[in-house]
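In: return a 3D structure for these sequence lines:
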Amino acid sequence: MEITDRGEPLSEQALQELEEKLGVRLPEPYRRFLQEYNGGRPDPDILDIAGAPFMGADVKEFFGLGREYESEDLLWNNEEWKRASLGDDVLAIARDSGGSLFGIVTEGEQRGRVYYFDYYASWEPYFVASDFDSLLQQLRPLTPEELAKIEAGAANAVVVDLDKPVE
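Out: Predicted structure coming up:
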């Protein structure tokens, strides 16, 4: 797996300051990821979501600190998505291309588990992995069949000319 568009690695001091701001101790696998990569885009990026009414999701980006765009920033996303009702003990750590979120549990018996929160189903949670390292190991490329479906969908797309009046 490769992580592109990653941030500056976080120092131990930066991680401790982050944990103070968030009011949590980050699960160790995720902490190591931030220390090494500080967010970024994984390749491959497809993750199967068991029990979901769709095949899977992409991991468009993992959030980090000090990112160029606030939509990629870990602190901004966790402030912004508090209203999404992910739970008081869940930290938003990534998003897919459709705006759904991946979150990691920071407290209790489920600490470290990763869930997918479906934006289009009122933030319905789906279990993804027992820890962050397992999530990374589950990432895969699109299959030839999935690519063919995407290409077929693109071939059947309707092109709209925004300069032409609607009839």
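In: how many residues are close by residue 137?
Out: With neighbours defined by other C-beta atoms under 10 Å, the count for residue 137 comes to 11. Heads up, the C-betas are built off the backbone N, CA and C, glycines and all.
In: any idea which element it lies in?
Out: Assigned by DSSP states H and E, residue 137 falls within helix 132-138.
In: so the residue nearest in space to the middle of the chain: helix, strand or coil?
Out: The residue lying closest to the centre of the chain (C-alpha atoms, centre = their mean) is residue 94, at 2.2 Å. The assignment at residue 94 comes out as strand when based on DSSP: H, G, I helix; E, B strand; the rest coil.
In: that one reaches residue 101, doesn't it?
Out: Yes. At 7.1 Å, residue 94 and residue 101 qualify as touching, with contact defined as C-beta atoms under 8 Å.
In: on that earlier part again, ignoring the adjacent residues along the chain, who's closest to the residue nearest to the centre of the chain?
Out: Of all residues not flanking residue 94 in the chain, residue 102 sits nearest, at 4.1 Å (C-beta to C-beta, 6 or more residues apart in numbering).
In: I am finished for the moment; much appreciated.
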